[in-house]
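Student: here are the coordinates; sequence isn't available:
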């Protein structure tokens, strides 16, 4: 397996870069790692002219199984170096249909891990989600290309920091080892939601059977109408909460 670290920052030795290199250092042999510093390349959008910088990067992306995408959060959003890279790569993320929608092709089912840092304090980031827009932009780009998300890493209070704390080093090293594990090439999200629906339905049925023993008026059509509406309402509410906690709510500390 090959893990490619993609650094979209102005400095190759900043605190975000140190998080990235620590993750890559945690990838055990015989897996391969490589660090790609975007500022080393002349990255331009595809306009019909030769684009050697983007061609070189695309080759590295195709040759890798896992991408570790690292970029700081500036002014509440993704650093411009990484955003420019995503914008220029967009035409190569997949196949465009007649409406302009992208359908994943060559990058589909690869995996990625996101890294960011911010000046915001841990408490403020937890309460306001200062790094959420950064992660959302990364997730949107990777989703268009068909990649599967592994995890997020964030460093708060980064102003003036030149070294990672031992706890943050351990976290980065641990995830470096985890991403090297061979992963399934499919996303089981839909399957899990279907399983969740039947789990809710079974638990609701058991609960209402117990209720019927207590209240014998729940019979016939009245029972099944109550059961059906309860399952649908409860499932929608539970699925919405789980979606928020696992997708919309990003790592903030």
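Tutor: Sure, I can see it. Everything numeric in this text was worked out from a predicted model, so none of it was measured. Numbers count the residues shown, from 1 in each chain.
Student: Please determine how far the spatially closest residue to residue 146 that is not a sequence neighbour is located from residue 95.
Tutor: Taking Cβ to Cβ, 6 or more residues apart in numbering as the measure, residue 146 lies nearest to residue 104, with 2.5 Å between them; neighbours along the chain are not counted. C-betas here are computed from N, CA, C, even on glycine. Residue 104 is 8 Å from residue 95, where distance means Cβ to Cβ, to the nearest Å.
Student: ok, now residue 50?
Tutor: 22 Å.
Student: With residue 65 instead?
Tutor: 22 Å.
Student: For those two, indicate the residue with more neighbours.
Tutor: residue 65 (18 against 10; other Cβ atoms under 10 Å).
Student: Surely that one and residue 110 touch.
Tutor: Yes: using Cβ atoms under 8 Å, residue 65 and residue 110 qualify as a contacting pair, with a distance of 6.2 Å.
Student: can you give me the helices in the stretch 1-150 of the chain?
Tutor: Taking DSSP state H, counting those that start in this stretch as the test, the helices found in the stretch 1-150 of the chain are 15-25, 52-62, 80-89, 122-128, 132-145.
Student: Provide the contact partners of the longest one at residue level.
Tutor: Translated: helix 132-145. Outside helix 132-145, the residues that touch it by Cβ atoms under 8 Å, 6 or more residues apart in numbering are 67, 69, 71, 73, 76-79, 82-83, 86, 89-90, 93-94, 102, 104, 107-108, 112, 114, 116, 118, 149, 152, 250-252.
Student: Quick one: mean pLDDT over that helix.
Tutor: Predicted confidence along helix 132-145 averages 96 (mean pLDDT).
Student: Do a quick rundown of the strands in the stretch 101-250 of the chain.
Tutor: Chain-ordered strands for the stretch 101-250 of the chain, with DSSP state E, counting those that start in this stretch as the definition, fall at 102-104, 111-117, 148-155.
Student: What strands flank the second one, and is each parallel or antiparallel?
Tutor: It stands for strand 111-117. When sheet partners are counted by DSSP bridges, strand 111-117 sits next to strand 66-70 (parallel), strand 148-155 (parallel).
Student: got the angle between the last one and helix 132-145?
Tutor: Computed with axes from the mean of the first three to the mean of the last three Cα atoms, to 10 degrees, the direction of strand 148-155 lies at 160 degrees from that of helix 132-145.
Student: ok, and what's touching strand 148-155?
Tutor: Contacts made with strand 148-155 from outside it, assessed by Cβ under 8 Å, 6+ apart, are listed as 15-16, 19, 23, 66, 109-118, 125, 131, 135, 139, 142, 161, 164, 168, 171-172, 175, 178-179, 183, 187, 250-253.
Student: Buried ones from the contacts of helix 132-145, can you make that a PyMOL selection?
Tutor: Of those, the buried ones go into a single PyMOL selection, burial set by 16 or more other Cβ atoms under 10 Å:
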select buried, resi 67+69+71+73+78+79+82+83+86+89+90+93+94+102+104+107+112+114+116+118+149+152+250+252
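Student: what pairs with the residue nearest to residue 146 across the strands?
Tutor: residue 94.
Student: hang on, isn't it packed against residue 93?
Tutor: Yes: under the contact definition of Cβ under 8 Å, residue 104 touches residue 93, with a separation of 7.1 Å.
Student: got any residues that touch both of these two?
Tutor: Here residue 104 and residue 93 share the contacting residues 144, 145, 146, scored by Cβ under 8 Å, 6+ apart.
Student: Tally up the residues packed near the second one, please.
Tutor: One way to gauge burial is a neighbour count; for residue 145, by other Cβ under 10 Å, it gives 23.
Student: do the same with the last one
Tutor: Using other Cβ under 10 Å, residue 146 is surrounded by 18 other residues.
Student: how near is it to residue 105?
Tutor: Relative to residue 105, and taking Cβ to Cβ, residue 146 is found at 7 Å.
Student: and if you look at the second one?
Tutor: Here the distance between residue 145 and residue 105 works out to 9 Å (Cβ to Cβ).
Student: ok, now residue 222?
Tutor: Counting by Cβ to Cβ, the gap from residue 222 to residue 105 is 52 Å.
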